[in-house]
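Undergrad: Can you look at this prediction? I've put the sequence above it.
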Amino acid sequence: MESSERGIRALKISLVGLGLTALLQLIVVFASGSVALLADTIHNFADAATSIPLWIAFAFARKGASRRYTYGYGKLEDVAGVVIVLIIFFSACVAAYESIRKIIHPEPVTQLGWVALAAIIGFLGNEAVAVFRIRVGRAIHSAALVADGQHARVDGFTSLAVLIGVAGVYFGFPILDPIVGIAITIAILFIVKDAAVAVWIRLIDGIEPEILAQIEHAPMHIEGVRAVHDVRARWIGHRVSSDVVIDVDPTVSVEAADKISRKVEQAVRDHVPMLGKVVVRSRPAA
């Protein structure tokens, strides 16, 4: 619950930060007519909007398990990931449409100094949000929040790309402005691809091999454990749920085997900080 609270607080702050950044850029868009800046502004608004479904997922995670949802609501974080991917993809479609329209029907770009300043503001706003999201995401072991922070960092660099369009207009090549808009669209699509792959892996209960290796290795430090096998793990929200089977000496009592299992559970928790629920089952070695 504490980690979900920190996640919600991070999302609130980043939502305000990105919202103000995009709003400042939008004012310059109306004054200048820069489609490259428009594409970046649309994406910044979309990036701010991605905080909302993740915020809802964190809020539900605080409710814990119920009779109907016996594993809790952690999987809503993955559902939020799907919504985030769709929002980002929609922003790419809008940016592409505006860029192509500007190539077919050119419009003058004015207020170049303000456009350049808005691009720099976009970079600084996104980078500040990226640092904050990544720091909190790593602290609470939320892969979704870390990915959202990395997404904001990439957005910051796409904001700087708007400066290329400004330079093109200044030196007599206004076509560079919509071309940069298309380049930003392509960058957004790459973000969509990476985010979609990450979400898909979570949805089908994929787990990072290094996390599985840590879970498999942890019990071997415990006296009385002869072998470890049938280890399973999956993400439920920003926590890992795992099942572990250990072999123990067939001559030990049930009470002793239970003590070994509890020691194994603690060892796994020590090795995997983002661990949620772990079930350790002991059986007599063959």
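TA: All right, it came through fine. Source: prediction; values computed, not measured.
Undergrad: Okay, now the unreliable bits of the chain?
TA: Residue ranges of the chain with pLDDT under 70: 1-4, 36, 107-110, 143-144.
Undergrad: Kindly list the longest strand within it.
TA: strand 225-236 (DSSP state E).
Undergrad: ok, and what's touching that one?
TA: 71-72, 74-75, 78, 143, 202, 205-207, 211-212, 215-216, 219-220, 240-249, 260, 264, 276-277, 285 (Cβ atoms under 8 Å, 6 or more residues apart in numbering). Every C-beta, even on glycine, is put in place using the N, C-alpha and C of the backbone.
Undergrad: switch the cut-off to 6 Å
TA: 71, 74, 202, 205, 207, 212, 215-216, 219, 240-247, 285 (Cβ atoms under 6 Å, 6 or more residues apart in numbering).
Undergrad: likewise stretch 16-35?
TA: Contacts for stretch 16-35 (Cβ under 6 Å, 6+ apart): 37-38, 41, 44-45, 47-48, 98-99, 102, 107, 109-111, 114-115, 118, 121-122, 125, 129, 177-178, 181.
Undergrad: how about a cut-off of 7 Å?
TA: Contacts to stretch 16-35, defined as Cβ atoms under 7 Å, 6 or more residues apart in numbering, come from residues 37-38, 40-41, 44-45, 47-48, 98-99, 102, 107-111, 114-115, 118, 121-122, 125-126, 128-129, 165, 177-178, 181.
Undergrad: Stretch 257-276 now?
TA: Residues contacting stretch 257-276 (Cβ under 7 Å, 6+ apart): 141, 211, 214-215, 217-219, 221-222, 224-225, 236, 238-242, 244, 246, 248, 278, 280, 282.
Undergrad: Now do the helices in the stretch 1-150 of the chain.
TA: 2-32, 35-49, 51-61, 76-104, 112-140, 143-170 (DSSP state H, counting those that start in this stretch).
Undergrad: Quick one: buried ones out of the contacts of stretch 16-35?
TA: 37-38, 40-41, 44-45, 47-48, 98-99, 102, 109, 111, 114-115, 118, 121-122, 125-126, 128-129, 165, 177-178, 181 (16 or more other Cβ atoms under 10 Å).
Undergrad: neighbours of the nearest residue to L163 once chain neighbours are set aside, just the number please.
TA: Among residues not flanking L163 along the chain, A119 sits closest, at 5.2 Å (Cβ to Cβ, 6 or more residues apart in numbering). For A119, the neighbour count with other Cβ atoms under 10 Å is 26.
Undergrad: Strands - which of the contacts of strand 225-236 land there?
TA: Per DSSP E, the contacts of strand 225-236 map to strands at 240-247.
Undergrad: Write the ChimeraX selection for whichever of the residues you listed are buried.
TA: Burial among the ones in strands among the contacts of strand 225-236 is assessed by 16+ other Cβ under 10 Å; the matching ChimeraX selection reads:
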select :240,241,242,244,245,246,247
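Undergrad: which among the ones in strands among the contacts of strand 225-236 gets closest to R135?
TA: Distance ranking of the ones in strands among the contacts of strand 225-236 against R135, using Cβ to Cβ, places V240 first at 20.6 Å.
Undergrad: Let me know whether the closest one touches I211 as I believe.
TA: Yes - with contact defined as Cβ atoms under 7 Å, V240 reaches I211; the gap is 6.2 Å.
Undergrad: Burial check on the nearest residue to R101 once chain neighbours are set aside, number of neighbours?
TA: Using Cβ to Cβ, 6+ apart and skipping residues adjacent in sequence, the residue nearest R101 is V35, 7.9 Å away. By the measure other Cβ under 10 Å, the count of residues near V35 is 28.
Undergrad: now V35: how far from A96?
TA: Distance of V35 to A96, computed by Cβ to Cβ, to the nearest Å: 11 Å.
Undergrad: Next: L189.
TA: Distance from L189 to A96, by Cβ to Cβ: 9 Å.
Undergrad: who has more neighbours, these two?
TA: Remark: of L189 and A96, A96 carries more neighbours, 18 against 15, as counted by other Cβ under 10 Å.
Undergrad: which ones are touching the residue lying closest to that one once chain neighbours are set aside?
TA: Distances taken as Cβ to Cβ, 6+ apart put T185 closest to A96, at 4.4 Å, once the chain neighbours are dropped. Neighbour list for T185: 39, 92, 95-96, 99 [criterion: Cβ under 7 Å, 6+ apart].
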